[in-house]
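K.L.:
Please work out how this folds:
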Amino acid sequence: MAPEKRAAAQAADEHTDAAAKRVKVESGSADAGADAQATAAVKTEQQDGSSVPDAAVDMKHGGVKTEDGLDDEDDVIRLPQSSSRSSVRKGHECPYLDTILRQNLDFDFEKCCSVTLSPINVYVCLVCGKYFQVKGIHGAWSHGFARPAPLLQLVDVSNHSTDNMVWCCCCTSAVCLQGRGLNTQAYTHSLETSHHMFMKLDNGKVYCLPDNYEVVDRSLDDIRAVLNPAYTQEEVAKLDTDVTWVRALDGSEYMPGLVGLNNMKANDYINVVIQVLARVNPIRNFFLIPSNYAGRRSLLVNRFGELIRKLWNKRNFKGQVSPHEFIQAVMAASKRRFTIEQQGDPVDFWSWLLNSLHMDLTGGKPKKSSIVSRTFQGELEVTTLAGTGKGKAATATEDVVEPVPFLLLGLELPPTPLFKDALEKNIIPQVPIYNLLAKFNSTTISDDIRQGRRKFRVTRLPNFLALHFKRFTKNNFYIEKNPTLVTFPVKSLDLRDALPVPNGSNGQPLPSKYDLIANVMHEGKAGQQTGTAPYRAHIHRSVEKAWYEVQDLVVLDVLPQMVALSEAYFQVYQCQQSQQPQTATKGKEQGPPQQQQQPPQPS
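P.N.:
Numbers count the residues shown, from 1 in each chain. Reported below is the predicted structural model:
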């Protein structure tokens with residue numbers, strides 16, 4: 001009996017092994033079928049935008065079918081699906097559209113992810129206003145990118161937008177940045193805080209996460225208008241004719257084009273220059289239309305255009321703008337010559353900014369004309385007496401005459417009295433602006449050790465005349481400020497009362513009456529680094545014929561008489577009649593815009 005028992009046991013073991021192999025093969029076939037079915041469902045979703053069926057997801061993740069066709073819910077883990085091609089829903093179909101808080105949105109700062117600090121593929125949460133990144137395959141946000149990838153580079157990009165394809169320098173493959181996947185910062189934020197509405201900053205599209213569908217509704221147009229303001233030629237033409245006051249979300253009223261600028265630490269000298277340039281009509285009209293400089297790759301030009309458009313935006317949520325992105329571009333372009341942390345000179349910044357914009361707009365060709373040269377550039381005839389200075393005239397036998405283009409004219413103030421009056425008080429002298437302009441009457445001689453003895457004559461007047469009163473002198477020990485008051489007319493400054501006006505092509509004198517549109521004044525001691533901002537601006541709003549005083553975020557109306565009593569440091573005048581461009585050099589462009597003299601810095 002023992003051999004028979006051993007034979008029966010051996011047969012039973014063989015039967016068991018065969019059954020086990022058969023079960024394993026069937027199980028493998030079922031798993032392969034489930035994977036194929038799930039893959040087919042994902043492909044179908046990418047083609048028509050529909051979601052993956054729950055049955056396919058359950059079978060792919062190990063769901064067990066019961067006899068009645070239902071899944072065992074206890075053993076199934078359901079995961080939400082993510083795809084680069086989202087379905088589109090209208091506003092009334094989205095239950096989270098009313099959770100958007102517009103008072104938390106601020107698009108003035110750098111568009112970087114608040115977690116990874118990456119500027120690539122950034123979304124903004126429309127509930128809390130924070131920026132988050134949405135990365136694609138390869139963890140693309142951690143790579144460096146050189147350029148947009150072509151249509152076919154090692155991977156099939158036919159199902160993706162070429163705008164979101166970048167070339168990975170690390171693995172030499174094209175990487176798709178499109179998609180709002182499960183491992184993105186925006187997706188995690190939507191689950192942790194229940195904030196579901198996100199806007200893509202580069203195109204203004206709105207998505208709902210984690211459901212991952214695009215929301216299309218007209219109520220979101222005001223957010224896009226704040227993100228990227230746009231203007232038509234008709235709207236730009238009405239800026240100087242329509243009196244416009246706009247109410248912000250907090251109930252306060254503001255004037256488009258005359259809003260406060262945020263002072264992050266010591267950038268008030270930049271703020272006053274921005275306020276002045278925003279009132280110059282040719283500069284404003286040019287930068288309000290992005291197509292005028294669309295072909296320029298200069299970050300400074302694009303950031304300045306964005307700032308001008310935000311200043312004149314009638315749909316802002318608040319009555320103030322932060323120049324953060326523009327100042328970041330200034331710091332990079334000037335190699336930190338102008339920074340937020342340290343006080344600077346607005347005249348020095350004015351000269352650098354106009355020359356930089358001119359060079360960037362002309363593609364690095366200084367003799368080419370630009371909106372800057374057509375607006376501010378004039379021309380002087382400088383005569384250096386023979387045998388003076390350290391230049392060409394030092395060894396010349398005759399006077400040296402040179403044409404010099406300028407963007408601003410520097411005016412020297414008379415020295416302050418050294419003694420006090422009978423009441424033991426310092427005398428603050430006053431001088432008319434006509435006495436200072438007499439420097440350019442072609443007869444007054446200016447002495448300079450290096451430049452020599454020189455005479456100046458204006459040969460071409462600009463449409464907008466910039467004047468700089470040299471209040472600061474620097475010696476070996478400290479910077480001294482000249483408190484002399486300059487008396488000037490607010491309207492109808494006639495240059496014929498101070499200097500010979502050049503003639504036009506018809507032999508008649510050119511228009512020489514100018515109206516003041518902006519006045520920058522300095523308050524406090526020279527080199528002041530603490531306390532209130534030393535620079536503030538008086539701005540003339542021509543549509544109302546009223547004057548306003550702007551100091552960072554504060555905008556107050558002021559009487560014209562108070563403008564004339566201020567310690568003026570820098571002024572911009574507009575000609576009552578536009579100057580016609582002269583053709584003094586036939587067939588040649590005018591030289592590069594320069595300032596007449598380099599002013600000393602007050603700090």
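
K.L.:
Mind listing the strands the longest strand anywhere in the chain pairs with, and their directions?
P.N.:
In the chain, taking DSSP state E as the definition, the longest strand is strand 513-522. Strand pairing for strand 513-522, using DSSP bridges, gives strand 493-494 (antiparallel), strand 535-541 (antiparallel), strand 568-575 (antiparallel).

K.L.:
quick one: which of the ones you listed is nearest P502?
P.N.:
Distance to P502, taken as CB to CB, is lowest for strand 568-575 among these, at 13.1 Å. Using the backbone N, CA and C atoms, a C-beta is placed for each residue, glycine as well.

K.L.:
Show residues contacting the closest one.
P.N.:
Strand 568-575 is contacted from outside by 276, 279-280, 346-347, 350, 408, 461-469, 471, 486, 488, 493, 511-522, 535, using CB atoms under 8 Å, 6 or more residues apart in numbering.

K.L.:
picking that back up, same list, the strands paired with strand 513-522, but as JSON lines with mean neighbour count and mean pLDDT please.
P.N.:
Shown next, in JSON lines, are those (neighbours: other CB atoms under 10 Å; pLDDT from 0 to 100):
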{"stretch": "strand 493-494", "mean neighbour count": "18", "mean pLDDT": "94"}
{"stretch": "strand 535-541", "mean neighbour count": "22", "mean pLDDT": "94"}
{"stretch": "strand 568-575", "mean neighbour count": "23", "mean pLDDT": "95"}
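
K.L.:
And those: which comes nearest V236?
P.N.:
Among the strands paired with strand 513-522, strand 535-541 comes nearest to V236, with 16.5 Å by CB to CB.

K.L.:
D348 in helix, strand or coil?
P.N.:
helix (DSSP: H, G, I helix; E, B strand; the rest coil).

K.L.:
which of the contacts of strand 568-575 count as buried?
P.N.:
Using 16 or more other CB atoms under 10 Å as the burial test, these include 276, 279-280, 346-347, 350, 408, 461-469, 471, 486, 488, 493, 511-512, 514, 516-522, 535 as buried.

K.L.:
Assess the claim that F317 and R102 are in contact.
P.N.:
Yes - with contacts counted by CB atoms under 8 Å, F317 reaches R102, the gap being 5.5 Å.

K.L.:
Which neighbours do the two have in common?
P.N.:
With contacts defined as CB under 8 Å, 6+ apart, the residues shared by F317 and R102 are L249.

K.L.:
re earlier: starting at the chain centroid, how far to the longest strand of the chain?
P.N.:
Here strand 513-522 is found 26 Å from its chain centre; the criterion is CA atoms, centre = their mean, to the nearest Å.

K.L.:
same check, this time on stretch 116-135
P.N.:
18 Å.

K.L.:
so for that stretch, what's the average pLDDT?
P.N.:
The average pLDDT within stretch 116-135 is 90.

K.L.:
just to revisit the earlier point, which of the strands paired with strand 513-522 sits closest to D250?
P.N.:
Closest among the strands paired with strand 513-522, once you apply CB to CB, is strand 535-541, at 22.4 Å.

K.L.:
Can you pull out the low-pLDDT segments for the stretch 101-250 of the chain?
P.N.:
Applying pLDDT under 70 to the stretch 101-250 of the chain flags the ranges 135-181.

K.L.:
I'd like the distance between the residue nearest to Q133 when sequence neighbours are not counted and A186.
P.N.:
Closest residue in space to Q133, ignoring its immediate chain neighbours: C113 at 3.7 Å, by CB to CB, 6 or more residues apart in numbering. C113 sits 9 Å away from A186, going by CB to CB, to the nearest Å.

K.L.:
For these two, indicate the residue with more neighbours.
P.N.:
Using other CB atoms under 10 Å, the more surrounded residue of C113 and A186 is A186, with 27 against 22.

K.L.:
Contact partners for the more buried one?
P.N.:
A186 neighbours (CB under 8 Å, 6+ apart): Y123, C125, F132, Q133, V134, R180, F198, L209.

K.L.:
Wasn't it part of a helix?
P.N.:
Yes - under three-state DSSP, A186 falls within a helix.

K.L.:
where exactly do the helices run in the stretch 401-550 of the chain?
P.N.:
Remark: helices assigned in the stretch 401-550 of the chain by DSSP state H, counting those that start in this stretch are 433-437.

K.L.:
so where's it uncertain?
P.N.:
Using pLDDT under 70, the flagged stretches of the stretch 401-550 of the chain are 419-426, 527-532.

K.L.:
quick one, strands of it?
P.N.:
Counting by DSSP state E, counting those that start in this stretch, the stretch 401-550 of the chain has these strands, from start to end: 409-412, 430-432, 441-446, 454-460, 464-470, 472-474, 479-481, 485-487, 493-494, 513-522, 535-541, 546-551.

K.L.:
Would you give the sheet partners of the fourth one, along with the direction of each?
P.N.:
To tie it back to what came earlier, the one meant is strand 454-460. Partners of strand 454-460 in its sheet, by DSSP bridges: strand 378-384 (antiparallel), strand 441-446 (antiparallel).

K.L.:
Give me the contacts around the longest one.
P.N.:
By that I understand strand 378-384. By CB under 8 Å, 6+ apart, the residues outside strand 378-384 that reach it are 391-393, 399-406, 409, 440, 442, 451-462, 465, 584, 590, 596.
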